[in-house]
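Participant: here is my input, please return the structure:
(3 chains)
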Amino acid sequence: MAGDWTLSPHQSVGFLKAEKTAEAGAGGYRSRTEYLWMKVPSRYGLINITELVAEVVERSKIQDGLCYVGAMHITAGIYVNDAESGLLQDISAWIERLAPLRPDYRHHQTGEDNGDAHLKSYLTNHQTTVPITGGKFDFGTWQQIFYAEFDGRREKRILVKVTGLAF
Amino acid sequence: MAGDWTLSPHQSVGFLKAEKTAEAGAGGYRSRTEYLWMKVPSRYGLINITELVAEVVERSKIQDGLCYVGAMHITAGIYVNDAESGLLQDISAWIERLAPLRPDYRHHQTGEDNGDAHLKSYLTNHQTTVPITGGKFDFGTWQQIFYAEFDGRREKRILVKVTGLAF
Amino acid sequence: MAGDWTLSPHQSVGFLKAEKTAEAGAGGYRSRTEYLWMKVPSRYGLINITELVAEVVERSKIQDGLCYVGAMHITAGIYVNDAESGLLQDISAWIERLAPLRPDYRHHQTGEDNGDAHLKSYLTNHQTTVPITGGKFDFGTWQQIFYAEFDGRREKRILVKVTGLAF
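Facilitator: Sure thing, here's the model as predicted:
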């Protein structure tokens, strides 16, 4: 079970749809919010969502600002790192070592079996912020945005909120 | 000692007061800053502060924006996860395993005994950002904001800064 | 090798230059972006960059807002904690214990030898946000901003973007 990871360096495996949920503005300042719906086919996954988030930024027309990206679940996370496929194996093995799947978490007394997923989320952080300059991610060469799924095989949402200046 | 955790899934144990420290605005864009004063009665604690932060957002009258929540100390943190009480036990035991209380940290040569608290803060991250839409946290069903105290029994502060559009 | 850490509690060792890359504004809302160029002389380093970031905030003239600070690399991170020198030793030893230098990471099949640096970055988080009030960091007494380098001896960049109100 613990080896059942979808490692997706370049494709947004499990992506269902993007849904615009809010838009606001005053003066040159704007905000746009979208939910990205995901259903990762395995229990665990590291999914490159860079292109999906870039499309939200483009639709926002915001040129300079901040882009919040956050999982709306307590068994998932967001991180920024390299998309090299061997590294995805290293990261998944390392997360499993620090926050292992185990039968005996107290949380399981509620009937759940995903105690490890909460710890993996804590380790990862459920959200990040991406700077936007000139209408694009202001990223270094190798930075990519990943959705880390720790209890998949069900519909989940990622919230993207872009705020800043459109001109 | 390491077992001395206040695990508070639903009440803001140790909350003393909220203090408004700044307010600013231009056009429809506004910012409001408050300090939440805490004194957790034990050395360690995981305290649900969701309601306290929601009250700051409400007082800000901001409808769409971002809410920064950060501990103002290097021995505490902020995280977002589930409020289930068994899970709080799992999280506290796991933090202690990864960043244990020990007598021999170099930092203790200064007379301190809280080297573990700094590492626990590093593991947790001292701050998070919460998206605000329609005047409310734009959260999934189970997301709650926690203050993680790793060196309590003294007055500490959490900074909440809400920025965005009021309309 | 794993002991080769530059621990710099008070000086920005390795700092090369600050480069303004973008500026924008509308109404009272402004944004300023600078890159801080670094070349840490050792493989690993914990470098206090508080003063460098404070100078960017000062140049932005922003009085109330948020300051994003992020490494533009996948082998580095940013964190906020105390500048005490024994603590820097504790933090570096602890990072090495949780995400050790090892020869056998899968990522090394690409010819790289820095698999541990990616995990150390994941543990640390590559970015943070600092609240700005009254033109200054709204920090507690001991909070300092650190650049965590995990694959140094080359030129790297830290992105600082200050957004908010100038008045």
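
Participant: C-alpha only now, for contacts and for neighbours.
Facilitator: Noted.

Participant: need the contact list for the closest residue in space to residue A:106 that isn't next to it in sequence.
Facilitator: Setting aside the residues directly before and after it, residue A:106 is nearest to residue B:86 in space (C-alpha to C-alpha, 6 or more residues apart in numbering or on different chains), at 4.7 Å. Contact analysis of residue B:86 by C-alpha atoms under 8 Å, 6 or more residues apart in numbering or on different chains lists A:105-109.

Participant: so stretch A:130-142, near chain B or not?
Facilitator: No: using C-alpha under 8 Å from any C-alpha of the partner chain, no contact is recorded between stretch A:130-142 and chain B, whose separation bottoms out at 12.2 Å.

Participant: any residue of that stretch up close to chain C?
Facilitator: Yes: residues of stretch A:130-142 are located near chain C by C-alpha under 8 Å from any C-alpha, namely A:131, A:133, A:139-142.

Participant: on that earlier part again, and the residue nearest to residue A:106, which of the three is it?
Facilitator: Under DSSP: H, G, I helix; E, B strand; the rest coil, the three-state class of residue B:86 is helix.

Participant: and what of residue A:97?
Facilitator: Classification of residue A:97 by three-state DSSP places it in helix.

Participant: before we move on, what about residue A:159?
Facilitator: The three-state label for residue A:159, taken from three-state DSSP, comes out as strand.

Participant: what distance do you get for it to residue A:108?
Facilitator: The span separating residue A:159 from residue A:108 equals 28 Å under the rule C-alpha to C-alpha, to the nearest Å.

Participant: one step back: how far away is the residue nearest to residue A:106 from chain C?
Facilitator: Distance from residue B:86 to chain C, counting by C-alpha to the nearest C-alpha, to the nearest Å: 25 Å.

Participant: so that residue versus residue A:43, what's the distance?
Facilitator: Counting by C-alpha to C-alpha, the gap between residue B:86 and residue A:43 amounts to 22 Å.

Participant: same thing with residue A:167?
Facilitator: 43 Å.

Participant: could you give the number of residues near residue A:167?
Facilitator: Neighbour count for residue A:167, taken as other C-alpha atoms under 10 Å in any protein chain shown: 12.

Participant: give me the distance between it and residue C:12.
Facilitator: When distances are taken as C-alpha to C-alpha, residue A:167 and residue C:12 turn out to be 36 Å apart.

Participant: and residue A:10, its phi and psi?
Facilitator: Here is the backbone geometry of residue A:10 (degrees, to the nearest 10): phi -130, psi -10.

Participant: so it makes contact with residue A:48?
Facilitator: Yes: look at residue A:10 against residue A:48 with C-alpha atoms under 8 Å: they come within range, at 5.8 Å.

Participant: mind listing the shared neighbours of the two?
Facilitator: Shared between the contact lists of residue A:10 and residue A:48 (criterion: C-alpha under 8 Å, 6+ apart) are residues residue A:83.

Participant: the two: which is more packed in?
Facilitator: Neighbours per residue (other C-alpha under 10 Å) separate residue A:10 from residue A:48, with residue A:48 holding more: 26 against 16.

Participant: skipping adjacent residues, who's closest to that one in space?
Facilitator: Here the nearest residue to residue A:48 in space, its sequence neighbours aside, is residue A:146; by C-alpha to C-alpha, 6+ apart that works out to 4.5 Å.

Participant: spit out the contact partners of that neighbour.
Facilitator: For residue A:146, the residues meeting the contact criterion (C-alpha under 8 Å, 6+ apart) are A:46-50, A:78-81.
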